[in-house]
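In: the sequence isn't on hand, but the structure is:
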């Protein structure tokens, strides 16, 4: 009896799922787009159809098929399919999945595919917790990311995974999906008798920017609008209204939370103040945590502007402080003020690039030894140890810059910071050129 109830519950859940979920391809030949991955004889397709998958990273925009392809990989391998989201899972969840995978392999001789969505949001210790299971083959890890994995995924984990990149679907691909959903009476909305012209289908396909999930869910809302008025044709007005309603129903706990903040940050980074305000107001109207928005602007102020305009960081911090001090709705002024300033500020990622170079230099090098002349002299006995001997005090020289060893013994002086040529960094380039000439540093500007 319990099995009967479970089957009914699963059937009800499947029928009430969003259209995009119901229309998810069940066979690899039902997947549209991604010809670079799915063409006959391609590496990815051969891996899938072999039934012997490897751990991999699927990198691409939202709605391009990362989850679908992962499910198909598990199906072809007759493996258990387990999903985790890096936005909510922790090390404890990883260990539980690993334990279950080991037990499944020992008792049923069945492998486990772990689909980890938003893998780039995992911290280093969380990513490290995955390594043992990937290394010994306990599980096949498929990580999905919308961000560049070379910056977001740890090198040890990257080296054990094969990277495949997904591209946004073309409007023609999306239009085919929409036609299928309109015709399919089992999984789609074919039983409704609704029709949609190719012009309207292409408009929806184009406006959803290669995101199949967004297109199908927008079609579902548009169809409901047409049915509510007793019409048999989905119109362009229905599509426009569906897209607007979808945005207003911004899900601050779901995908929209990350997709919209990404659009907001990228609009600021791209120096579009109008788009930045649009996404800001969308989040605020949708009930997004304003502190989350403020934190992201503080990060951006250094990550994407940095020394090109050093006023950006204190202004972003001031907006965050103002939010804490006065709260919403008045703090909308401060958040909008900061968003506008950051969007119009000159841009530079020289700080982010310096972090990458500096971190790599430290991680790849041996344990450093601080030269004696740079060591602390602020305690009794330091002189006897030779600490500080030979140190040249820069303020005793007219330019305030003196050539002496600052890197540790065994580490060649290396250019880590390379300024850009926007905003105030133009002056920094000139200043650094004088400094480099004095201290003998070469290669900063190629």
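Out: Alright, I've got the coordinates. Just so you know, these numbers come straight off a predicted model, no measurement behind them.
In: in this structure, which residue sits furthest out from the middle?
Out: No residue in the chain sits farther from the centre than residue 384, which is 53.3 Å out by CA atoms, centre = their mean.
In: isn't residue 121 right up against residue 87?
Out: Yes: under the criterion of CB atoms under 8 Å, residue 121 makes contact with residue 87 at 5.7 Å. Just so you know, the C-beta spots here come from the backbone N, C-alpha and C atoms, and that holds for glycine as well.
In: average pLDDT for the helix or strand hosting residue 426?
Out: For residue 426, the host element (DSSP states H and E) is helix 425-439. Throughout helix 425-439, pLDDT has a mean value of 85.
In: with neighbour numbers in mind, choose between residue 121 and residue 87.
Out: For residue 121 versus residue 87, neighbours defined as other CB atoms under 10 Å are more numerous around residue 121 (17 against 14).
In: what's the distance between the more buried one and residue 132?
Out: Note on residue 121: its distance to residue 132, by CB to CB, to the nearest Å, is 21 Å.
In: same check on residue 370?
Out: Look at residue 370 and residue 132: by CB to CB, they are 36 Å apart.
In: check residue 266 too.
Out: Counting by CB to CB, the gap from residue 266 to residue 132 is 36 Å.
In: what residues are up against residue 273?
Out: Contacts for residue 273 (CB atoms under 8 Å, 6 or more residues apart in numbering) come out as 339-340, 343-344.
In: which one is it nearest to, not counting chain neighbours?
Out: residue 343 (4.0 Å; CB to CB, 6 or more residues apart in numbering).
In: how many residues are close by that neighbour?
Out: Residue 343 is flanked by 23 other residues according to other CB under 10 Å.
In: give me the next element, helix or strand, following the host helix or strand of it.
Out: Assigned by DSSP H and E, residue 343 belongs to helix 332-344. Using DSSP H and E, the helix or strand that follows helix 332-344 in sequence is helix 350-364.
In: before we move on, back to that, so the residue farthest from the centre of the chain is in which element?
Out: If you go by DSSP H and E, residue 384 is not part of any helix or strand.
In: next: residue 95.
Out: Going by DSSP H and E, residue 95 is part of helix 91-107.
In: which other helices and strands does the next helix-or-strand element following that helix contact?
Out: The helix or strand immediately downstream of helix 91-107 is strand 112-117, counting by DSSP H and E. When contacts are defined as 3 or more CB pairs under 8 Å, 6 or more residues apart in numbering; DSSP states H and E, strand 112-117 packs onto helix 66-76, strand 80-85, helix 91-107, strand 139-145.
In: closest one to residue 416 among these?
Out: strand 139-145 (26.7 Å; CB to CB).
In: list the strands paired with that closest one, with their directions.
Out: Note on strand 139-145: by DSSP bridges, its sheet partners are strand 56-59 (parallel), strand 112-117 (parallel).
In: nearest to residue 27, out of the ones you listed?
Out: Nearest of the strands paired with strand 139-145 to residue 27, taken as CB to CB: strand 112-117 at 17.0 Å.
In: ok now the closest one, how far from the chain's centre?
Out: 17 Å (CA atoms, centre = their mean, to the nearest Å).
In: next: stretch 96-103.
Out: From the chain centre to the centre of stretch 96-103 is a distance of 27 Å (CA atoms, centre = their mean).
In: list of residues touching it?
Out: Outside stretch 96-103, the residues that reach it (CB under 8 Å, 6+ apart) are 80, 82, 84, 111-112, 114, 132-133, 138-139.
In: make it 10 Å
Out: Contact with stretch 96-103 is made by 79-80, 82-84, 89, 110-114, 116, 129-130, 132-134, 136-141, as judged by CB atoms under 10 Å, 6 or more residues apart in numbering.
In: just the mean pLDDT for it, thanks.
Out: 92.
In: same deal with stretch 26-41?
Out: Averaging pLDDT residue by residue across stretch 26-41 gives 90.
In: next, the distance between the ends of it.
Out: Using CA to CA, to the nearest Å, the end-to-end distance of stretch 26-41 comes out at 20 Å.
In: same thing with stretch 409-424?
Out: 34 Å.
In: and it, what's buried?
Out: By neighbour count on 16 or more other CB atoms under 10 Å, the buried set for stretch 409-424 is 416, 418-420, 422-424.
In: switch those over to TSV; also include distance to residue 334 and secondary structure.
Out: Output for the buried residues of stretch 409-424, formatted as TSV (distance: CB to CB, whole Å; DSSP: H, G, I helix; E, B strand; the rest coil):
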residue	distance to residue 334	secondary structure
416	34	coil
418	33	coil
419	30	coil
420	28	coil
422	25	coil
423	23	coil
424	24	coil
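In: just to revisit the earlier point, separate out the buried members of the contacts of stretch 96-103.
Out: 79-80, 82-84, 89, 111-114, 116, 129-130, 133-134, 138-141.
In: that concludes my questions; thank you for your assistance.
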